[in-house]
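In: Predicted model, plus sequence, below.
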Amino acid sequence: MKIILVCYSGSSASILRDRMLAWCRSNLMDAEVIIASLAGLDEDQEDADIVLVGPQVRCALSNIRERVPAGIPVLAVDTRDYGMAKGDRIMQEAIAEIRRCQEQGMR
């Protein structure tokens, strides 16, 4: 699974990525989490399974949706989950969103 995490690329994003990957390892899931800035979003996204948007850039959510290819879900991360680096909750929400899109035939 390939996840793009759009934020301002601070240390909080790195901590969250590490916790998301730890949850994946403990659940025997293979995942890659790429931290991207708004400017760097256009790279590495063509084969992403989902794009997660951090609270710092939520104001650009509609712009991000326009820049992401059709069929790739874009999900705003809950501010509290992001701030507390709840990698488990964020991964569970991401997986649920990917499945929802697959069931609707978007992917």
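Out: That came in fine, so what should we check first?
In: make it CA atoms for all contacts and neighbour counts henceforth
Out: OK.
In: For I35, identify the helix or strand it belongs to.
Out: Assessed by DSSP states H and E, I35 sits inside strand 32-36.
In: Tell me which other helices or strands that strand touches.
Out: strand 2-6, helix 11-26 (3 or more CA pairs under 8 Å, 6 or more residues apart in numbering; DSSP states H and E).
In: Work out the gap between the last one and the centre of the chain.
Out: Going back to what we said before, that points to helix 11-26. Between the centre of helix 11-26 and the centre of its chain there are 11 Å (CA atoms, centre = their mean, to the nearest Å).
In: residues in contact with the one residue sitting closest to the centre of the chain?
Out: Nearest residue to the geometric centre of the chain (CA atoms, centre = their mean): L52, 2.6 Å. Residues near L52 by CA atoms under 8 Å, 6 or more residues apart in numbering: I3, I4, L5, V6, V74, L75, A76, V77, A94.
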